[in-house]
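K.L.:
structure here, sequence nowhere to be found:
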């Protein structure tokens, strides 16, 4: 698997983001969908990566800088035909490593609370993320689960 920073210009990546947004809308009402669209993912405070293997798009993920010490995981998605191959685990490790290299002290995320998001929550828990109160501009939402992880700064 190769993870590379991506400018979101490719048709395959754009289609995966479209599928991601569509899936979020299936499980949550519009006011509870916090996924970024293409323009949001192109914001200067967001770094977006895609995961590839032999020319096949496997998944994606992004890191949004909330401030100089706090980052947020965004747009984690595995292509349907590549589920359960370790794509999300590799992408999440890449994002955590980047957050540490930037000197972030904390990494947070918002994910869904419905049962369909249980695998995602289990992955984040396996990386040491713990449930927390809403952060940044989020507010209490029965369709959301908020998680955070304190990061160790490497010296």
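P.N.:
That came in fine, so what should we check first? Note that the structure is a prediction, hence the values are computed from the model and not measured.
K.L.:
now do the buried residues in the least confident helix or strand in the chain by mean pLDDT.
P.N.:
Least confident helix or strand of the chain, by mean pLDDT, DSSP states H and E, is helix 11-27 with a mean of 92. By 16 or more other Cβ atoms under 10 Å, the buried positions in helix 11-27 come out as 13, 16-17, 20-21, 23-24. Using the backbone N, CA and C atoms, a C-beta is placed for each residue, glycine as well.
K.L.:
SS state for residue 124?
P.N.:
Secondary structure, DSSP: H, G, I helix; E, B strand; the rest coil: residue 124 is helix.
K.L.:
about what we covered before: which other residues reach the least confident helix or strand of the chain?
P.N.:
By Cβ atoms under 8 Å, 6 or more residues apart in numbering, the list of residues contacting helix 11-27 from outside reads 6, 8, 33, 35, 37-38, 41, 50, 57, 59-60, 75, 77, 79-80, 112, 114, 116-117, 143.
K.L.:
ok, which stretches of this structure are helices?
P.N.:
Ranges of helices in the chain, per DSSP state H, are 11-27, 38-41, 87-101, 118-126.
K.L.:
turn those into a markdown table, columns for distance to residue 1.
P.N.:
Converted to a markdown table, the helices of the chain look like this (distance: least, Cβ to Cβ, whole Å):
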| stretch | distance to residue 1 |
| --- | --- |
| helix 11-27 | 15 |
| helix 38-41 | 20 |
| helix 87-101 | 6 |
| helix 118-126 | 16 |
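K.L.:
coming back round to it: ok, of the contacts of helix 11-27, which come out buried?
P.N.:
Listed as buried from the contacts of helix 11-27 are 6, 8, 33, 35, 41, 50, 57, 59-60, 75, 77, 79, 112, 117, 143; burial here means 16+ other Cβ under 10 Å.
K.L.:
looking at those residues, which is nearest residue 105?
P.N.:
In terms of Cβ to Cβ, no member of these lies closer to residue 105 than residue 75, at 22.3 Å.
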